[in-house]
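> Need a 3D model of the sequence below.
(2 chains)
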Amino acid sequence: MSMVLDIVVMGLIKGSIYALLAISFSLIFGVARIVNIAHTAFYMVAAYCIYTATHYLGWHPVPAMLIAIVISILLGMITYKLVLNPIREHEGAVLIATMAIAMIFQEIMTLAFTGTYLSVPNLIDGFIEILGVKVFNQQLLTLGSAVVVMVLLVLFLFKTKLGLALRSTAQDREVANLMGINESKVAMITMGIAIGLAGFAGAIVVPLEILEPHMWTTPLVMMMAVVVLGGLGSLKGSFVAAYIMGFTEASVVFLSPQGAFLKVSVALLIMIIVLLIRPEGLFGVYFEEER
Amino acid sequence: MKLILFYLRKLLAVVRNEVLVLPSRVAVIIFFLFILLLPSFTDDVYILRVFTLTCIFAIFAASWDLLCGFTGQLNFGHALFFGVGAYSAALMNIHWQLAPWFSIPLGALVAVAAGLTVGIPALRLKGTYLALTTMAFPIIVIGLIFTFPGFTGGELGISGIQKLAPTRIEEYYVISILMLVLCTIMWKITDSNTGIIFHAIREDEIAVRASGVNTTRYKLLAFCLSGFFAGLAGGLYAHFMRIVGPSTLDVSLSFQVVIWSIFGGAATIYGPVAAVFFLYPTLELFHLIQDYRTIVFAIVVLLVLIFMPDGLFRWLREKVEEECPRCKVRNVAWRKTCRVCTASLE
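The predicted structure is shown next:
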């Protein structure tokens, strides 16, 4: 029984983090048509900002988190303006530009903090017992704040004017432009929001994870898998797929002896099997190819 | 004697009229000579080692270009073929004591099987979808390698693989000549009928299917060919480094090959090869500033991209050569009239 609860807690946390990352990634892809490989690099940058603020400057973790999110948003917008905007028409160039950005961040972090494993103190200490299983308050906090942010995001997208502009640009860029939506401004705002979400995911997950300069690659792969599994550009799909992946990972870790090595493989295998049956993903719409 | 003189004169005429008139062809000749004569300038083991690895990665990058640049099947997990080729060559060499001459081609065949495994699900996916999905395959294999450390060596990898050739110079010649031959073959493939179909699939798959071509077969063929060449590169790498670890399947290697190819100019074959020969040794030269070299590399790539998004070498070629508007023959950019049909190039 305790193992089931362990799986549920870990699956929910992993799933929420993947959902945040995947939804923000799909937002950029949908609106600006940018495949942002550097997405999880911003998540790493936010985590390191928190480490710097709490460890070297002695700040309380909450302002550190806020500053980290603001810094990652600014960095995201600057990279968009300086690097991605001039080459947006060239699909391949955008791909390697974002790869190069991710590598630059990774190297800066290696230079600044060396490659050693670091950790950040919990925001709140202590644990509560649910059905005889210890659940740390930090885990509950991470879970709760992820859910709150997702609800806010949905409200933003479906209830505000800017959200409508974002969704219509994602649906048809040219027509949105004709309707008076400033497409490049919307793309810029989307980049800011999405990077902010990635930074937020990094900020809330950092007390539970180990900090190192390569920490962005595994979430990147899982995030891509979630996006593909759910269907590119489908927010509902990303949400459901994130929890599928999260629970798969958690069950493999707890149920199989070599789980820590196999968790990603099994999750990706599930993605490939689903794709064989439904090539457009779980909730994807099969777009007629643009010609 | 007269016959030999005749052929010599014919060769000279071809060189003068067809090769020397175009800077890109001269560059290719110089490149071949440089590769073949390099050991006579230096017998420094370190330099030879750098250039041997460069040759291996050049094959690898060109194979990515064959699949992704030409056929448009964007593959972000190309390290799968490299790693599978390397691991199978290493395992066959260690367990069955096969000589490199058998283990490398057999390893490449295993990589072809890997190409089919990726290719079949990939048939139903397109563009970005495909790119994101293919990233998954090498990571699945890494998971398997870590799970069975007894057979695969786990994190440490397999060591004690047989040497390719007794000395460094011999190894250099084996690998560099193979590189020249394989890249020429790949370039010929892209120039053949098959290559034209590959190119057409990238541009408009529905139109190709409407013209009565079985695109499924050609897409799988592209995956197999690309897997074969990448697997050969992997096998060569295994026998050259004499150790194969999980780093051959790493995400960063998959990204590296994408960076090389697009940096040099995708869908050209010569672009990726030239890019590897430009970037890899330069990166090695930076070993004096070890800590900063990856960041310098990334910044150089970014800057080149912002100013020449079509790739460095394609941009250079466009600068020094232009196509005659009438007969579509390439000319040096500073000629006033076409060298074949004398149409004005102004």
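
> Identify the residue nearest the residue in chain A positioned nearest to chain B in space, chain neighbours excluded?
Nearest residue of chain A to chain B: A:S265, at 3.0 Å (Cβ to the nearest Cβ). In short, each C-beta sits where N, CA and C put it, glycine included. Residue nearest to A:S265 in three dimensions, not counting chain neighbours: B:G143, with 3.0 Å by Cβ to Cβ, 6 or more residues apart in numbering or on different chains.

> Sticking with that neighbour, tell me its helix or strand.
helix B:136-147 (DSSP states H and E).

> What's the first helix or strand after that helix?
Next along from helix B:136-147, by DSSP H and E: helix B:149-152.

> So which elements touch that next one?
Judged by 3 or more Cβ pairs under 8 Å, 6 or more residues apart in numbering or on different chains; DSSP states H and E, helix B:149-152 is in contact with helix B:79-96.

> How about the helix it packs on and chain A, any contact?
No - using Cβ under 8 Å from any Cβ of the partner chain, helix B:79-96 never reaches chain A; the gap is at least 12.0 Å.

> circling back: what separation do you get for the residue of chain A closest to chain B and B:Y87?
Applying Cβ to Cβ, to the nearest Å, the value for A:S265 to B:Y87 is 16 Å.

> Name the residue in those two with the higher neighbour count.
Set A:S265 next to B:Y87 and count neighbours by other Cβ atoms under 10 Å in any protein chain shown: B:Y87 wins out with 27 against 20.

> Roughly how far does the more buried one sit from B:G265?
For B:Y87 relative to B:G265 (Cβ to Cβ), the value is 31 Å.

> Ok, A:A176 next?
On the measure of Cβ to Cβ, A:A176 and B:G265 end up 33 Å apart.

> For the two, indicate the residue with more neighbours.
B:G265 (26 against 21).

> Go ahead and confirm that one touches B:D310.
Yes - look at B:G265 against B:D310 with Cβ atoms under 8 Å: they come within range, at 6.1 Å.

> Return stretch A:244-251 as PDB; C-alpha atoms alone will do.
Taking Å, rounded to 0.1, in the frame of the first residue of the first chain, the C-alpha atoms of stretch A:244-251 are listed here in PDB:
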ATOM      1  CA  ILE A 244       1.000   9.300 -18.200                       C
ATOM      2  CA  MET A 245       4.700   9.800 -18.500                       C
ATOM      3  CA  GLY A 246       5.100  10.900 -14.800                       C
ATOM      4  CA  PHE A 247       3.200   7.800 -13.500                       C
ATOM      5  CA  THR A 248       5.100   5.500 -15.800                       C
ATOM      6  CA  GLU A 249       8.400   6.800 -14.600                       C
ATOM      7  CA  ALA A 250       7.300   6.600 -11.000                       C
ATOM      8  CA  SER A 251       6.000   3.000 -11.300                       C
END
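
> thinking again about what came up before, wait, what's in contact with the residue of chain A closest to chain B?
B:I139, B:I140, B:I142, B:G143, B:L144, B:T147 (Cβ atoms under 8 Å, 6 or more residues apart in numbering or on different chains).

> Please produce a markdown table containing those residues, extended by pLDDT, neighbour count and distance to A:H60.
Below are those laid out as a markdown table (pLDDT from 0 to 100; neighbours: other Cβ atoms under 10 Å in any protein chain shown; distance: Cβ to Cβ, whole Å):
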| residue | pLDDT | neighbour count | distance to A:H60 |
| --- | --- | --- | --- |
| B:I139 | 87 | 25 | 38 |
| B:I140 | 88 | 21 | 42 |
| B:I142 | 88 | 24 | 39 |
| B:G143 | 85 | 22 | 39 |
| B:L144 | 86 | 15 | 44 |
| B:T147 | 84 | 18 | 42 |
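
> which one of the residues you listed sits closest to chain A?
B:G143 (3.0 Å).

> can you pull the contacts of that closest one?
A:F261, A:L262, A:K263, A:V264, A:S265, A:V266.

> where are the low-confidence patches of chain B?
Of all residues in chain B, those with pLDDT under 70 make up the ranges B:288-290.

> Work out for me the element A:M44 sits within.
helix A:39-51.

> So which other helices or strands are in contact with that helix?
Contacts defined by 3+ Cβ pairs under 8 Å, 6+ apart place helix A:39-51 against helix A:2-32, helix A:61-79, helix A:91-113, helix A:183-205, helix A:217-230.

> What are the buried residues along the third one?
So the one you mean is helix A:91-113. A:91-107, A:109-110, A:113 (16 or more other Cβ atoms under 10 Å in any protein chain shown).

> And for the longest one?
Of all the residues in helix A:2-32, those buried under the rule 16+ other Cβ under 10 Å are A:6-32.

> and if you look at the second one?
Of the residues in helix A:61-79, those buried under the neighbour-count criterion (16+ other Cβ under 10 Å) are A:61, A:64-65, A:67-69, A:71-73, A:75-77, A:79.

> With that, I have no additional questions.
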